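Novice: Quick one: sequence and predicted model below, then my questions.
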Amino acid sequence: YRRSDVGVSNAINDGVFLYSTIFPLIRRIASKKEWLMDVMEVFANIEQCTLIGQHLDVNGGGGAALQEKKNNKGEEKEIER
């Protein structure tokens, strides 16, 4: 987006384009694998963490906005600051 020949609109579109290819590609490669849903869940979690991190970076939220995080068993644990 910092290049004059790309611009913000094209950078956003490129990001959406790349994102839209992830899940179909995973399904194509692993559609009959028993671990497909586990992989999909990992990617969904990565997406959520990335969005939250980007929001905090842009809006200056620091670490205070995330006080608790659930581990892979669904148990809440406190995040150290």
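Specialist: Perfect, I can see it now.

Novice: hey, where'd the strands end up in this protein?
Specialist: 68-70, 76-78 (DSSP state E).

Novice: any idea how far Ile22 is from Val16?
Specialist: Distance, Ile22 to Val16, using CB to CB, to the nearest Å: 11 Å. C-beta coordinates here come from the backbone N, C-alpha and C atoms, glycine included.

Novice: of these two, who's got more company?
Specialist: Shown here are Ile22 and Val16; by other CB atoms under 10 Å, Ile22 has more neighbours (13 against 9).

Novice: how far away is the more buried one from Ser4?
Specialist: 29 Å.

Novice: go on, Glu41?
Specialist: When Glu41 is compared with Ser4 (using CB to CB), they lie 40 Å apart.

Novice: do Gly60 as well
Specialist: Look at Gly60 and Ser4: by CB to CB, they are 28 Å apart.

Novice: Leaving out chain neighbours, which residue sits closest to the most centrally placed residue in the chain?
Specialist: The residue lying closest to the centre of the chain (CA atoms, centre = their mean) is Glu47, at 1.3 Å. Spatial nearest neighbour of Glu47, excluding adjacent residues (CB to CB, 6 or more residues apart in numbering): Tyr19 at 7.8 Å.

Novice: Tell me how many other residues surround Cys49.
Specialist: Neighbours of Cys49 (other CB under 10 Å): 12.

Novice: Mind pulling the model confidence for it?
Specialist: Note for Cys49: predicted pLDDT of 93.

Novice: One more: Phe17?
Specialist: In this model, Phe17 carries a pLDDT of 90.

Novice: Please pull out the lowest mean pLDDT helix or strand from the chain.
Specialist: strand 68-70 (a mean of 55; mean pLDDT, DSSP states H and E).

Novice: just so I have it, where are all the helices in this protein?
Specialist: With helices called from DSSP state H, the chain shows them at 7-30, 36-59.

Novice: Confidence-wise, which of these is weakest overall?
Specialist: helix 7-30 (a mean of 86).

Novice: What are the buried residues along that helix?
Specialist: The neighbour-count check on helix 7-30 (16 or more other CB atoms under 10 Å) flags Ile26 as buried.
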